[in-house]
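**Student:** Sequence isn't available, so here's the structure alone:
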């Protein structure tokens, strides 16, 4: 799995987990969903993704979107 797919998989997982936590535990967990959306928007505009930086440290091979 390359860096792009790892970031998108992680973001999608975080959204689904935070939605479930928001429904079953507390609506405050929906702030995590908002944060993931903000980070996706920011990385789409700037091309920099903090999670991609973390994944690079762990040695995941680069893809095309995040450098």
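**Tutor:** Yes, it's here. Here the structure is a predicted model, which means the values were calculated and not measured. Residues are numbered from 1 along each chain as shown.
**Student:** for this structure, which spans come out with low pLDDT?
**Tutor:** Within the chain, the stretches with pLDDT under 70 are 66-67.
**Student:** Beyond the lengthiest helix in it, next helix or strand please.
**Tutor:** Taking DSSP state H as the criterion, the chain has its longest helix at helix 3-24. Counting by DSSP states H and E, the element after helix 3-24 in chain order, helix or strand, is helix 30-46.
**Student:** Tell me the buried residues in that next one?
**Tutor:** Within helix 30-46, the residues that count as buried by 16 or more other C-beta atoms under 10 Å are 32, 33, 36, 39, 40, 43. C-beta: built from backbone N, CA, C; applies to glycine.
**Student:** Dump the residues you listed into a markdown table; add distance to residue 17 as well.
**Tutor:** Below are the buried residues of helix 30-46 laid out as a markdown table (distance: C-beta to C-beta, whole Å):
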| residue | distance to residue 17 |
| --- | --- |
| 32 | 8 |
| 33 | 9 |
| 36 | 10 |
| 39 | 15 |
| 40 | 15 |
| 43 | 19 |
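**Student:** I figured residue 65 hits residue 5, correct?
**Tutor:** No: if you go by C-beta atoms under 8 Å, residue 65 and residue 5 don't touch, sitting 9.7 Å apart.
**Student:** Of all residues in this protein, which one is nearest the centre?
**Tutor:** residue 11 (2.9 Å; C-alpha atoms, centre = their mean).
**Student:** Give me the packing partners of the longest helix of the chain, helices and strands only.
**Tutor:** If you count contacts as 3 or more C-beta pairs under 8 Å, 6 or more residues apart in numbering; DSSP states H and E, helix 3-24 packs onto helix 30-46, helix 50-57.
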